[in-house]
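Peer 1: Need a 3D model of the following:
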Amino acid sequence: MLIPISTDAPLYHYPISTAGLIVVNFLCFIVAGAGHSNDAWMLHYGTFNPLEWLLSIFAHIGFMHLIGNMIFLWAFGLIVEGKLGWRRFLIVYLIIGIGQSGLEQTIMLYRTDSHVLSSILNVDSKEELIDEILAEDPEYTEAEAEAWVNAFIKEYRGSSCGASSAIFGLLAICTVWAPKNEFHVVFLFFFRVFSFDVTIMGYALWYFGWEVVSFVMSDFGAGTAALHLMGAAIGFGVGVLYLKKDWVDCENWDLFRVLSGNYGRFADASTTVGSHADPVLMFGTSDVAVKDSVPDTSRRTKVSKRLAAINDLIDAGDFITASEKMFDLRMQDHKSQLTEKRLKKLSLGLLRADMPDDAEIYLEEYNERFPEDAAWARVRIAQLLLTHHKRPAAALAMLKQVRLSQLNAELQTLAKKVASVAKKLVKSGVEDAEPEW
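Peer 2: Next comes the predicted model:
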């Protein structure tokens, strides 16, 4: 078994739902009798019960069944929730789990008592089987024989439980959204532990391939392999839907981009080889057309959607995530800019979040783009130069560009305090630290 213990995939959200689901699974395991009395939690065949679609994905047969599933839920959930956030991830997980259970129970509706009696036990009725038992063993009472027959039929009708189908669905989503990222996995072989990195696509192909082989070798029976593949198919569909609807941002690293070879930075027309080249120097003639492989309108639409998502993060007060997303966006589109209001809100939010380096970048941008209204930004920059960079002379130089009449009372107090401390440091012979590059 290849056990994933970490990933290099970018995670933009904390795994709140993933951790919560693991806790809930452990609690349900305890409530259901630690796997020994969990019949009420099972997904029973030959019936149609939507409540079982939900309960069964939180039930496990034994402790090792639970532990194994939770390890993989953590590994795959990190990536999916890392892109969606806890609310949307929880919805996706339940869609896969409940959807697979509902489909499974619907397919197995034919596994009724009469089917078991006629097709498996080769009798016409339950009474006939009871009579056979009583004839073979007179010590049985009729009630005992009937109870034994009922239990026997129920066992042959079949049931299932566990989170593994939903987890296989998450693996399929990881494959669609982050195929080139890697898992660091451990592997136990004859009491020796090996560890190595493997791409998510390679990891998924191994496990999906193994399940397909198991499915074929079981004569295409409705066993564990079939249920895992069913969950993976639903997960793949959900992953593709979210991708095509732009409900998730894979930053041009999704499966379809990778398979086309037009992924990551290669998917940005501004970095296409030859897109800015001089045809005369390259080909000796100017009538050679160098075309970008990605339409500009398509690229601008995606950029606009990503910028809108960043605006939503700023409005919601998630300044750290907004800053990270903005940096990523500018790696692909340096022209993307925030409005004056949101740029100011992001700068101040990062300062309050104790992210001085990030805040300084946006403060400098504000000072450059809106110089007439940037007195407040210059005071904040001076504060960072003094306290964060240990450059009192540079802080004083920045404050010289500010008139107190441009500031409110709070900023006037701050400016005077920064100026006072900076002057004392300069007079005492403190020199500016070298700028960090």
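Peer 1: Not counting sequence-adjacent ones, nearest residue to residue 352?
Peer 2: In space, residue 352 comes closest to residue 319 once its chain neighbours are excluded; the distance is 7.9 Å by Cβ to Cβ, 6 or more residues apart in numbering. In this view, the C-beta of every residue, glycine as well, is placed from N, C-alpha and C.
Peer 1: for the residue in the chain sticking out farthest from the centre, phi and psi?
Peer 2: Residue farthest from the centre of the chain, counting by Cα atoms, centre = their mean, is residue 138 at 61.3 Å. Dihedral angles of residue 138 (phi, psi; degrees, to the nearest 10) stand at phi -60, psi -20.
Peer 1: how close does it get to residue 373?
Peer 2: Distance of residue 138 to residue 373, computed by Cβ to Cβ, to the nearest Å: 99 Å.
Peer 1: same thing with residue 238?
Peer 2: Using Cβ to Cβ, one gets 46 Å for the distance from residue 238 to residue 373.
Peer 1: Those two - which one has more neighbours?
Peer 2: Counting neighbours by other Cβ atoms under 10 Å for residue 238 and for residue 373 shows that residue 238 has the greater number, 23 against 13.
Peer 1: Check the gap between the more buried one and residue 173 for me.
Peer 2: 6 Å.
Peer 1: Find the residues that touch each one of those two.
Peer 2: Contact criterion Cβ atoms under 8 Å, 6 or more residues apart in numbering; residues shared by residue 238 and residue 173: residue 92.
Peer 1: List of residues touching stretch 422-436?
Peer 2: By Cβ under 8 Å, 6+ apart, the list of residues contacting stretch 422-436 reads 382, 386, 389, 390, 391, 392, 393, 394, 395, 396, 399.
Peer 1: Give the buried subset of the residues you listed as a ChimeraX selection command.
Peer 2: Written as a ChimeraX command, the selection of buried residues from the contacts of stretch 422-436, which uses 16 or more other Cβ atoms under 10 Å, is:
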select :382,386,389,391,392,393,394,395,396,399
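Peer 1: Tell me which entries of the contacts of stretch 422-436 lie within strands.
Peer 2: Cross-referencing those with the strands (criterion: DSSP state E) gives no overlap at all.
Peer 1: middle-most residue in this structure, spatially?
Peer 2: Residue closest to the mean C-alpha point of the chain, counted by Cα atoms, centre = their mean, is residue 80 at 1.8 Å.
Peer 1: I'd assumed it was in a helix, is it?
Peer 2: Yes: for residue 80, which was evaluated using DSSP: H, G, I helix; E, B strand; the rest coil, the result is membership in a helix.
Peer 1: That one contacts residue 176, doesn't it?
Peer 2: No: with the criterion set as Cβ atoms under 8 Å, residue 80 and residue 176 do not qualify as a contacting pair; they are 10.0 Å apart.
Peer 1: before we move on, the earlier item: quick one: the residue farthest from the centre of the chain from residue 321, how far?
Peer 2: In this view, residue 138 and residue 321 are 74 Å apart by Cβ to Cβ.
Peer 1: before we move on, back to that, tabulate the contacts of stretch 422-436 (a markdown table), appending distance to residue 260 and pLDDT.
Peer 2: Compiled in a markdown table, the contacts of stretch 422-436 are given as follows (distance: Cβ to Cβ, whole Å; pLDDT from 0 to 100):
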| residue | distance to residue 260 | pLDDT |
| --- | --- | --- |
| 382 | 50 | 93 |
| 386 | 51 | 89 |
| 389 | 45 | 87 |
| 390 | 50 | 88 |
| 391 | 49 | 90 |
| 392 | 54 | 90 |
| 393 | 54 | 92 |
| 394 | 49 | 92 |
| 395 | 51 | 92 |
| 396 | 55 | 93 |
| 399 | 53 | 92 |
